[in-house]
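[1] Generate coordinates for the sequence data below:
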Amino acid sequence: MKKYLLLLLVLTSNSIFAEGSVKGDLWIWEENSKAHTFSIRLLKGDNGYSGTYCAVGASGNRMDCSPQKYAKWFNFTEDNPSFTFTTNRDRKKGKAKLTKQNNKWVWELIEPPKGEHYAPKKAVLKKYIKKS
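    A predicted model of the protein is given here:
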């Protein structure tokens, strides 16, 4: 089941950011499980980072991801890592921060959205490297 959820997360993220559209590095939660997965896609720009997230809960029965056309982007810099994000499920706002630690990103939920969401309170994310 864990492999199925990881595959679902990767396929969803890859279809959201298909070749020829938005590109960026995929970062996955080190504690992805059968019940809950989380990933972010980050683009580095001249003025910092832009990103989107994908959270899957309830053993794959609930998703908070968006297709590229409707992607809800958040923006931050390493000097100012806090940002407001909008959930894809019911468009509620929350506040989080991303900080870089060695070769990983740490997501911390500062103010959870009022509505339904599946983003973890804290997540250490490692870069996803596609195995050939």
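
[2] how close does Lys104 get to Gly48?
    18 Å (C-beta to C-beta, to the nearest Å). To be clear about C-beta, it is placed using only N, CA and C from the backbone, and glycine gets the same treatment.

[3] make that Val56, sorry
    Distance of Val56 to Gly48, given as C-beta to C-beta: 27 Å.

[4] Of these two, which one has the most company?
    Ranked by neighbour count (other C-beta atoms under 10 Å), Val56 and Gly48 place Val56 first, with 23 against 16.

[5] Would you mind measuring from that one to Lys114?
    Computed as C-beta to C-beta, the Val56 to Lys114 distance reads 20 Å.

[6] The lowest-mean-pLDDT helix or strand in the chain: what's the following helix or strand?
    Lowest on mean pLDDT, DSSP states H and E among the helices and strands of the chain sits helix 2-16, with a mean of 44. Scanning forward in sequence from helix 2-16 by DSSP states H and E, the next helix or strand is strand 25-29.

[7] name the helices or strands packed onto that next one?
    helix 2-16, strand 37-45, strand 104-111, strand 122-127 (3 or more C-beta pairs under 8 Å, 6 or more residues apart in numbering; DSSP states H and E).

[8] who's in contact with the closest residue to Asn47 other than its chain neighbours?
    Excluding the flanking residues, the one nearest Asn47 by C-beta to C-beta, 6 or more residues apart in numbering is Thr77, at 7.0 Å. Residues in contact with Thr77 (C-beta atoms under 8 Å, 6 or more residues apart in numbering) are 47-49.

[9] Would you format these as CSV with distance to Asn32, secondary structure and pLDDT included?
    As requested, the contacts of Thr77 are exported to CSV (distance: C-beta to C-beta, whole Å; DSSP: H, G, I helix; E, B strand; the rest coil; pLDDT from 0 to 100):
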residue, distance to Asn32, secondary structure, pLDDT
Asn47, 30, coil, 90
Gly48, 26, strand, 94
Tyr49, 22, strand, 95
